[in-house]
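> sequence first, then the predicted structure:
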Amino acid sequence: MDLVNSLNDRLLFAVPKKGRLHQACLDLLKGSDIQFHRHSRLDIALVKNLSIALVFLPAADIPTFVGEGRVDLGITGRDQVGEHEVVSPPTETTGVTEVLDLDFGKCSLQVQVPQKGELQKPEDLIGKNVVTSFTNLTEQYFRELEAKANGSGGVTNGDGKAKLLTKIKYVGGSVEAACALGVADGIVDLVESGETMRAAGLKAISTVVESTAVLIKSKHPSDPKLVDLIASRIEGVITAQKYVLCTYNIERPKIEAACTITPGKRAPTINSLEEEGWVAVQVMVERKRIATAMDELTDVGACDILVMKIDNSRTS
Ligand SMILES: Nc1ncnc2c1ncn2[C@@H]1O[C@H](COP(=O)(O)OP(=O)(O)OP(=O)(O)O)[C@@H](O)[C@H]1O
Ligand SMILES: O=P(O)(O)OC[C@H]1O[C@H](OP(=O)(O)OP(=O)(O)O)[C@H](O)[C@@H]1O
């Protein structure tokens with residue numbers, strides 16, 4: 001099969017080929033019934049049941065391909081979009097539009113320094129060596145920091161732009177090793193649980209950006225209707241993962257107190273029970289809140305509380 005020619009007329013959808021976002025993206029595609037078979041070593045896979053081709057790319061490159069309109073749709077981290085936009089600011093026709101926050105891949109890009117050392121605040125790194133994989137965001141961050149610290153009295157380049165005193169170096173991974181190896185005084189790297197940072201003897205002293213995975217689209221996708229369809233399927237899966245369905249029985253006078261605890265996404269469904277004075281309530285509750293909600297519902301007199309997993313959803 002001539003794979004490249006069979007891409008014609010298909011919507012191109014970029015997915016991280018490895019790393020932290022890869023498996024969550026595959027799960028999302030499965031939940032959205034986007035069926036494909038990826039041949040080993042091939043970075044393109046045709047979707048069997050929709051006119052889409054998946055393109056497996058490094059998360060860092062996805063904003064470039066989508067931003068230039070070469071690929072219609074993509075999933076990457078908001079940090080990667082930010083990193084790209086520092087050097088390629090969006091215009092009317094280029095750049096990406098965020099379609100959905102996908103609620104996974106949560107992390108923060110933070111300035112980190114050795115736990116035991118003199119450096120305590122980001123300003124202490126001005127003029128020193130900083131190592132990162134996010135050189136554009138880091139440069140922007142230190143440019144602003146230096147401008148604040150120097151007022152207007154800083155040294156300027158030929159182009160009139162303030163000369164950056166902090167020395168920023170790129171490394172592609174294992175950024176946390178840079179301080180111990182003597183390459184950096186501080187680093188700018190992603191932190192999720194904080195385990196990597198602590199294990200490397202580092203502490204965070206400032207946050208450059210917060211990030212989650214996002215669905216992005218180009219400014220002029222080849223098939224806007226198909227983009228909307230995929231976005232709505234993905235949103236359905238994300239909502240299903242985020243919420244559970246809770247039902248309980250309660251006496252009528254206690255409904256108001258119970259509904260304050262579980263107001264639902266739009267509003268709870270309330271049906272009369274055969275037993276006089278009682279109602280059954282059905283309501284969506286955020287998964288992370290469900291244990292507390294159950295405790296509080298019990299306190300206000302709800303009983304027969306049941307919680308069910310939602311497989312998929314289409315809500316507004
Ligand atoms: N520890 C983390 N927790 C949550 N999300 C993360 C974490 N690290 C990275 N991410 C998110 O995943 C994106 C891709 O990062 P990752 O380091 O996995 O990519 P990669 O460089 O392509 O993979 P690899 O590190 O395996 O080479 C990041 O831009 C960020 O949005
Ligand atoms: O706060 P934590 O939960 O420990 O996660 C943070 C780590 O995760 C990422 O690296 P990754 O493991 O993807 O590998 P890399 O260093 O090769 O990029 C990031 O660069 C940190 O090193």
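Right, received. Where do you want to start? Ligands and ions are numbered 1, 2, ... in the order given.
> burial measure for the residue of the chain found nearest ligand 1, as a count.
In the chain, the residue that lies nearest ligand 1 is G77 (2.0 Å; CB to the nearest ligand atom). (C-beta placed from N, C-alpha, C; glycine too.) Neighbour count of G77, defined by other CB atoms under 10 Å: 27.
> how about the contacts made by it?
21, 59, 105, 107, 211-214 (CB atoms under 8 Å, 6 or more residues apart in numbering).
> find the nearest non-adjacent residue to L26, please.
Spatially, and ignoring its direct neighbours in sequence, L26 is nearest to V15 (7.7 Å; CB to CB, 6 or more residues apart in numbering).
> confirm that neighbour sits in a strand?
Yes - with DSSP: H, G, I helix; E, B strand; the rest coil as the criterion, V15 is part of a strand.
> for I168, helix, strand, or coil?
From three-state DSSP, the assignment for I168 is strand.
> tell me the contacts of it?
I168 touches 130-132, 135, 138-139, 142, counting by CB under 8 Å, 6+ apart.
> only whichever of those are buried, select them in ChimeraX.
In ChimeraX, a selection of the buried entries from those looks like this (16 or more other CB atoms under 10 Å):
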select :130,131,132,135,138,139,142
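> buried residues in the lengthiest helix in the chain, which are they?
Longest helix of the chain, by residue count under DSSP state H: helix 224-242. Of all the residues in helix 224-242, those buried under the rule 16+ other CB under 10 Å are 226-227, 230-231, 233-241.
> need those residues in a markdown table (columns: pLDDT).
Output for those, formatted as a markdown table (pLDDT from 0 to 100):
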| residue | pLDDT |
| --- | --- |
| L226 | 97 |
| V227 | 97 |
| I230 | 97 |
| A231 | 97 |
| R233 | 97 |
| I234 | 97 |
| E235 | 96 |
| G236 | 96 |
| V237 | 96 |
| I238 | 95 |
| T239 | 94 |
| A240 | 95 |
| Q241 | 93 |
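> now V87: closest residue in space, sequence neighbours ignored.
Excluding the flanking residues, the one nearest V87 by CB to CB, 6+ apart is N136, at 5.4 Å.
> and A147, by the same measure?
A162 (6.0 Å).
> I'd guessed the one you found sits against E144; true?
No - with contact defined as CB atoms under 8 Å, A162 and E144 do not form a contacting pair (9.9 Å).
> neighbour count for the two, which is higher?
When neighbours are counted by other CB under 10 Å, A162 and E144 differ, and A162 comes out ahead with 15 against 11.
> what bridges to that one?
Beta bridges link A162 to T156, judged by DSSP bridges.
> distance of it relative to I305?
60 Å (CB to CB, to the nearest Å).
> how many neighbours does L73 have?
Neighbours of L73 under the rule other CB under 10 Å: 28.
> residues contacting K18?
K18 neighbours (CB under 8 Å, 6+ apart): P58.
> same question for the one 4 residues further on.
Contacts of H22 were listed using CB under 8 Å, 6+ apart, and they are 15-16.
> next SSE after the helix or strand containing L46?
Element membership of L46 [criterion: DSSP states H and E] is strand 44-46. Downstream of strand 44-46, the first helix or strand assigned by DSSP H and E is strand 52-57.
> now do the helix or strand following that following strand: distance to the chain's middle.
Per DSSP H and E, the first helix or strand lying C-terminal to strand 52-57 is helix 62-67. Taking CA atoms, centre = their mean, to the nearest Å, the mean C-alpha location of helix 62-67 is offset from the chain mean by 16 Å.
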